[in-house]
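>>> Provided below are the primary sequence and the corresponding predicted coordinates.
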Amino acid sequence: MINEITIKTGKRNEFVDITQEVSELISAHGVKEGFVILYVPHTTAGITINEHADPSVKRDILNKLEELVPPHEGYTHMEGNADSHIKATLVGNTLTIPISGGRLVLGTWQGIFFCEFDGPRTRKLIVKVVGED
């Protein structure tokens, strides 16, 4: 079964911690062993795993992406959001995470982040939980 998580973003560029929402979906499915596939069906957003204990990490990542891919850099894309497409391509749009003992297999400091590069918007994340109870 495929599920969707709705994510409302409030800034043009931001990381939204969605670890809890994904964990709740896994619990609702009752899967004890398996994996979860997360897919972002947007061309100006992405998904990643990184540290979620210290908020300065996501700020540093966003700042570096802005430095590497600044807006208004003479891009040919006419909508004015070419930098958003490039950032989404660099970050990626899918993750596969193992599930063991009914929980996401993440490192101690890891969290799952929806990455907005063209907000604020209402976005969706496609979630497929696969496994057995």
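Nice, thanks for sending it over. Every value quoted in this text rests on a predicted model; they were computed, and no experiment measured them. Numbering: from 1, shown residues only.

>>> buried residues, stretch 9-25. List them.
Residues of stretch 9-25 classed as buried by neighbour count (16 or more other Cβ atoms under 10 Å): T9, R12, N13, E14, F15, V16, I18, T19, E21, V22, S23, L25. Where C-beta positions appear, they are placed from N, C-alpha and C, glycine not excepted.

>>> also stretch 105-120?
Across stretch 105-120, burial judged by 16+ other Cβ under 10 Å covers L106, Q110, G111, I112, F113, F114, C115, E116, F117, D118, G119.

>>> which one of these sits closest to L95?
Using Cβ to Cβ, I112 is the member of the buried residues of stretch 105-120 that lies nearest L95, at 6.9 Å.

>>> which ones are touching the closest one?
D17, I18, T19, V22, L38, I47, T48, I49, L95, I97, L104, L106 (Cβ atoms under 8 Å, 6 or more residues apart in numbering).

>>> that older thread, so which pair among the buried residues of stretch 105-120 is furthest apart in space?
Across the buried residues of stretch 105-120 (Cβ to Cβ), the longest gap, 26.9 Å, separates L106 and D118.

>>> spatially nearest residue to P98 (excluding sequence neighbours)?
Leaving aside its sequence neighbours, P98 sits nearest to V105 (Cβ to Cβ, 6 or more residues apart in numbering; 4.1 Å).

>>> let me fix that, I meant to ask about E132.
Computed as Cβ to Cβ, 6+ apart, the closest residue to E132 that is not its neighbour in sequence is E33, at 5.8 Å.

>>> G131 is in contact with the one you found, correct?
Yes - counting by Cβ atoms under 8 Å, E33 touches G131, with 5.3 Å between them.

>>> re the thing from before, separation between the residue nearest to E132 and I26?
11 Å (Cβ to Cβ, to the nearest Å).

>>> list the buried residues in the biggest strand by length in the chain.
When the chain is parsed with DSSP state E, its longest strand is strand 122-132. For strand 122-132, the buried set under the neighbour-count rule, 16+ other Cβ under 10 Å, comprises R123, L125, V127, V129, G131.
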